[in-house]
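Asker: fold the following for me, if possible:
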Amino acid sequence: MVLLSLCLGLPVSSFGAKHHAPLSLSATATLSSRGAKPGSRVELVVTVRHGVHPVISSVDRPASFKMHSLRKPQLLHTDEGDVWLFRYQIIPTQAGEFEIPSIVVTDNSLRAETSPLPLRVSLKGEPPVMTAGELSRVVSLPMSLGEEVLKSAPQNPPKPDPSPTPRDDRPIAKRAASTCWKALKDFWNFSGGK
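Answerer: Residues are numbered from 1 along each chain as shown. Below is the predicted model:
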């Protein structure tokens, strides 16, 4: 084999060498919870694979969210290759249905984007109903299979938060008189438990 390569003018190292295509940069984002209460803390983790020095220049978020980085990017060595972790803490301040847009990760000339993440903020902290698209991204299923899974395992939609009771702006004397008058009427109309 070596003699053949010398006769053909090929380098000896070209035989038997395995050429691997470079792996492309990939990024995924996850939340510690899909539902939260106003003022509670939710962790956002961005996982980057096949990167040498990945950078996240900024993370777009709804205006009512407070956010800060928990630590410097962390490099983990695994059997499948190196993994970079970027961790952020999010504190939503208002109730509503929100979405954290795609996060862009760059590494020299390489670029990767995460999928958007829904976050439902409510007084009870219930998560939103999972969609087939979200299920297929999280578990790596085809969209049609995700739809079939959700058909066979229906979800109850989260209950809306109760609307706040309007504030009674009457003077205290009028509110007290109204409460006493109502109690007196209830006592007068009491039927004796019959």
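Asker: am I right that residue 176 sits in a helix?
Answerer: Yes. Counting by DSSP: H, G, I helix; E, B strand; the rest coil, residue 176 is found in a helix.
Asker: please renumber so the chain begins at 348
Answerer: Renumbered: residue one is now 348, and that last one reads residue 523.
Asker: any idea how far residue 530 is from it?
Answerer: Going from residue 523 to residue 530 by C-beta to C-beta, to the nearest Å gives 11 Å. Where you see a C-beta, it was placed from the backbone N, CA and C, and this is true even at glycine.
Asker: residues near residue 468, how many?
Answerer: By the criterion of other C-beta atoms under 10 Å, residue 468 has 24 neighbours.
Asker: so for this protein, which residue is the most central one in space?
Answerer: residue 378 (3.6 Å; C-alpha atoms, centre = their mean).
Asker: can you name the residues bridging to that residue?
Answerer: residue 391 (DSSP bridges).
Asker: roughly how far apart are it and residue 478?
Answerer: For residue 378, the distance to residue 478 equals 15 Å [C-beta to C-beta].
Asker: for residue 430, same thing?
Answerer: Distance, residue 430 to residue 478, by C-beta to C-beta: 27 Å.
Asker: next: residue 383.
Answerer: Here the criterion is C-beta to C-beta. By it, residue 383 lies 18 Å from residue 478.
Asker: out of these two, which sits in the busier spot?
Answerer: Just comparing residue 383 and residue 478: by other C-beta under 10 Å the higher neighbour count belongs to residue 383, 23 against 15.
Asker: just checking, that one touches residue 466?
Answerer: Yes. With contact defined as C-beta atoms under 8 Å, residue 383 counts as touching residue 466 (6.5 Å).
Asker: got a list of what the residue lying closest to residue 467 once chain neighbours are set aside touches?
Answerer: Closest residue to residue 467 apart from its sequence neighbours, by C-beta to C-beta, 6 or more residues apart in numbering: residue 475 at 4.1 Å. Applying C-beta atoms under 8 Å, 6 or more residues apart in numbering, we find residue 475 in contact with 381-382, 444, 465-467, 505.
Asker: noted, bye for now.
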